[in-house]
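Engineer: Give me a model of this one.
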Amino acid sequence: MKNITVSLPEELARWARLWAAEEDSSVSALLARLLQEKRESESRYRAAMTQFFSGMATRISDGSAYPSRESLHER
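Structural biologist: Just a heads-up that it's a prediction; the model follows:
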């Protein structure tokens, strides 16, 4: 485990200590969990984007002309 120093505004540090106490944890453990969750979320997002953009393009039309705006909005 590697130690790092994080500087926080006093009010935020106080809130983090209270939150950690409510969770029966340390600020360090909570921060580690949040960073891990963020890393996993980013990884899943990148994988989904890669999968989406690597897929085959699909045709959205059968070749016929699209209707005009006027014909779609006739009253």
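
Engineer: Would you mark the buried spots in the host helix or strand of Trp15?
Structural biologist: Element membership of Trp15, judged by DSSP states H and E, is helix 10-22. Using 16 or more other CB atoms under 10 Å as the test for burial, helix 10-22 gives 16, 20. Every C-beta, even on glycine, is put in place using the N, C-alpha and C of the backbone.

Engineer: So what angle separates the directions of the helix or strand just after that helix and helix 10-22?
Structural biologist: Next helix or strand after helix 10-22 toward the C-terminus (DSSP H and E): helix 27-54. Angle between the axes of helix 27-54 and helix 10-22 is 90 degrees (criterion: axes from the mean of the first three to the mean of the last three CA atoms, to 10 degrees).

Engineer: what packs against helix 27-54?
Structural biologist: Helices and strands touching helix 27-54, by 3 or more CB pairs under 8 Å, 6 or more residues apart in numbering; DSSP states H and E, are helix 10-22.

Engineer: and for the helix it packs on, what are the contacting residues?
Structural biologist: With contact meaning CB atoms under 8 Å, 6 or more residues apart in numbering, helix 10-22 is reached by 8, 26-27, 29-31.

Engineer: now the helix holding Trp15, how far from the centre of its chain.
Structural biologist: 24 Å (CA atoms, centre = their mean, to the nearest Å).

Engineer: For that helix, the averaged confidence score.
Structural biologist: On average, the pLDDT along helix 10-22 is 97.

Engineer: ditto for stretch 38-53
Structural biologist: The model assigns stretch 38-53 a mean pLDDT of 95.

Engineer: who's in contact with Ala57?
Structural biologist: By CB under 8 Å, 6+ apart, Ala57 has no neighbours at all.

Engineer: Can you name the helix or strand that it falls in?
Structural biologist: Using DSSP H and E, Ala57 falls within no helix or strand.

Engineer: where's it relative to Ala48, distance?
Structural biologist: 18 Å (CB to CB, to the nearest Å).

Engineer: same check, this time on Thr5
Structural biologist: According to CB to CB, Thr5 stands 34 Å off from Ala48.
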